[in-house]
Structure formats: C-alpha cells, structure tokens
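Participant: Fold the following for me, if possible:
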Amino acid sequence: MSSRLNLIFFVAVLAFITISSAVFFVDQRERVLLLRLGQIERSDYMPGIHFKLPFINEVRRFDGRILTLDESPARYLTGEKKNVQVDAFILWKISDASSYYTSMAGNEERAKQRLSQIVKDGLRAEFGKRTIHELVSGDRITMIETLLAGANKAANEFGINIENVRIKRIDLPSEVSSSVYTRMEAERQRVAKELRSQGAEEAEKIRSDADRQRTILLAQAQKTAEELRGNGDAQATDIYAQAYGQNEEFYSIYRRLSAYKKVFTSNDMLVIEPKGEFFNLFNSPSN
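Facilitator: Okay, here's the model as predicted:
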C-alpha cells in the first residue's frame, strides 16, 4: 500500500512538473521567443497564457518597453569645421524579437553598442551639414527626423526601432570656450567703451546746448530789464520835468534840502568853508 502511494505521489509530482513546464505566461511588456533546440520556432506571441513542449522548447524573454540609452558626450565637426561637444540620449525598443535574437544573440549590451554607433554616424552626418548657429537656434525637429529615418534603416535590420534621439546640450570644447569667452568679453568691453564715449558726447552736447540757452535767456532778460529800466527812467525824468516846470524855485530848494539831508547824516563835525553853489542857502538864506 505504501509503495502504491509513493508511486501515485511520484506520478502526480511528475505530472505537475510536466504541466508547469508546458505552460508559460507572456506579459504585455515583454517580447517572447520560443526556441526548439536553440532554433527559433515562434516569436509572435500575444500577451496571455501559452503552451510549449516540456524539456524541448525554451522560452526567451526580452524587455518590450521603450528603453533609454544615455550616451556620453561626444565631439562632432560642424559645417564650419568647428568641433562641438554634444550630449544626447536615445529612446529605443525591440520591434522584432526574432531579428533581435538572431543579430544580437539577445545581448542588450551588444545592441546598445551597435545602436550607439548608428546614431553617432547619423549625428556626425547631420552636424556636418549645419553651422553652429543653425544647430543652436535652428530647426532641430527636421534634423532629428532626417536622422531617425536614416538610423532606423540600419537599426530595423537588428529588430530594433529608434523612437527618438534627444539632444540635451551642445557645447564648445573647453579650450575653445575659453577663447570664445575671452573674445566675447573683449567685444563687450569695446561696446561698453563705445557706448560710454557716445554718452559723454551726448552729455557734452546737452550741456553746451543748456549753456547756450542759459546765455540767450540771460541776454534776453537783461535786454528786457534794460528796456524796462530805461522806460522807467524816462517816465521819472518826464515826471520830474513836469514837477519842476510847475514851480522851479520850490523844486530847486527841495532838491537842495534833499541833498543836504543825504550829505549830513551823522553827528560828526565837519569844518569847511561854505563856498560854492552847493552852500548858497547857507550864505544867503534869503535866496
């Protein structure tokens, strides 16, 4: 009885192993190959449960998602024969698992190396057609589309599709950047000096124009003042003449007394001989 139970248990375990070996599951994020003795038997599996011959068929799985290959910065020559340092990365995926396995033996590192060389050749060709200005500020979309079209012709032979190539930055080499920055600094200094000289010239023009306007305004004001003063003196003289003509004797005495008042304004003693027309009123008060 015990031997029979052991046999049943052994058969059950063997059946379980056989059935589990015959069933495999395909995830939607995978690309799956079914091999028979190392040869490809089938590669077009859809996601779900599938069956194979136990111990004869082998299942190889590959990542079917979009993968990223981050390239190290590399130098390229532009159409101006100038070196530029380009940092880019590649988005790719396995489009045909059968071709991928046949050409790359399913080795992802080998695929990355081949893919890197294909994209670098494409970038080198596209950069050689353009100037630095076109690369930095031009239409990169057209350049990438042309690059992808050419690169995918080569990559599709290996069961790989390049989804996109993204350029992160384009720099000049460090030794070139230093000289460029030096020239830029010198150019900025030259422009600054030119602007300062132009500003000083404009300031001098404004200052000269202000001085000229000031001189003109002062001359006009002085002319107006002299005219007003002359008119006032003329009116005063006319008024004095009219007043003097009404009573010449009184006006003469009034003017003489006013003159005495202005001359003898202090308490100082002045001893002089009262001679002359100015002292007539002292000598002859009756006059």
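Participant: just the strands in the stretch 151-287 of the chain please.
Facilitator: Using DSSP state E, counting those that start in this stretch, the strands of the stretch 151-287 of the chain run over residues 160-171.
Participant: what residues are up against residue 158?
Facilitator: Residue 158 makes contact with 99, 100, 103, 104, 111, 114, according to CB atoms under 8 Å, 6 or more residues apart in numbering. C-beta here means a position set from N, CA and C on the backbone, and glycine is covered the same way.
Participant: thought residue 172 was touching residue 80?
Facilitator: No - Residue 172 lies out of contact with residue 80 (CB atoms under 8 Å); the separation is 11.7 Å.
Participant: more neighbours, the two?
Facilitator: It is residue 172, of residue 172 and residue 80, that has more neighbours when counted by other CB atoms under 10 Å, with 16 against 12.
Participant: thinking again about what came up before, any chance of a markdown table for the contacts of residue 158, columns neighbour count, distance to residue 242 and secondary structure?
Facilitator: Shown next, in a markdown table, are these (neighbours: other CB atoms under 10 Å; distance: CB to CB, whole Å; DSSP: H, G, I helix; E, B strand; the rest coil):
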| residue | neighbour count | distance to residue 242 | secondary structure |
| --- | --- | --- | --- |
| 99 | 17 | 129 | helix |
| 100 | 22 | 127 | helix |
| 103 | 17 | 129 | helix |
| 104 | 21 | 128 | helix |
| 111 | 23 | 123 | helix |
| 114 | 17 | 123 | helix |
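Participant: Out of those residues, flag the one nearest to residue 137.
Facilitator: For those, the residue nearest residue 137 by CB to CB is residue 114; the value is 32.6 Å.
Participant: Would you check that that closest one makes contact with residue 105?
Facilitator: No - taking contacts as CB under 8 Å, residue 114 lies outside contact range of residue 105: 11.8 Å.
Participant: just to revisit the earlier point, residues shared between the contacts of residue 172 and residue 80?
Facilitator: By CB under 8 Å, 6+ apart, residue 172 and residue 80 have these common neighbours: residue 132.
Participant: and the gap between the residue lying closest to residue 35 once chain neighbours are set aside and residue 43?
Facilitator: Leaving aside its chain neighbours, residue 35 sits nearest to residue 58 (4.4 Å; criterion: CB to CB, 6 or more residues apart in numbering). Noted for residue 58: a distance of 13 Å to residue 43, by CB to CB, to the nearest Å.
Participant: of these two, who's got more company?
Facilitator: Here residue 58 and residue 43 are compared on neighbour count by other CB under 10 Å; more neighbours surround residue 43, at 18 against 14.
Participant: show me what contacts the more buried one?
Facilitator: By CB under 8 Å, 6+ apart, residue 43 lies in contact with 31, 32, 33, 34, 96, 97, 98, 101.
Participant: shared neighbours of residue 58 and residue 43, which are they?
Facilitator: Counting by CB under 8 Å, 6+ apart, the residues touching both residue 58 and residue 43 are residue 34.
Participant: one step back: wait, which of the contacts of residue 158 is closest to residue 75?
Facilitator: Nearest to residue 75 among the contacts of residue 158 is residue 114, at 20.6 Å by CB to CB.
Participant: Let me see the contact set for that closest one.
Facilitator: Shown in contact with residue 114 (CB under 8 Å, 6+ apart): 104, 158.
Participant: please begin residue numbering at 844 from this point
Facilitator: Done: numbering now begins at 844, and the last item shifts to residue 957.
Participant: Okay, buried residues for stretch 951-960 please.
Facilitator: Under the neighbour-count criterion of 16 or more other CB atoms under 10 Å, stretch 951-960 has 954, 955, 957, 958 buried.
Participant: centre of the chain versus that stretch, how much separation?
Facilitator: Centre-to-centre, stretch 951-960 and its host chain are 37 Å apart (CA atoms, centre = their mean, to the nearest Å).
Participant: With stretch 968-981 instead?
Facilitator: With CA atoms, centre = their mean as the basis, stretch 968-981 stands 20 Å off its chain's centre.
Participant: how about low-confidence regions in this protein?
Facilitator: Filtered on pLDDT under 70, the chain yields the residue ranges 844-864, 1018-1023, 1103, 1106-1130.
Participant: tell me the domain ranges of it?
Facilitator: What automatic domain parsing lists as the domains of the chain is 845-906, 910-1015, 1100-1126.
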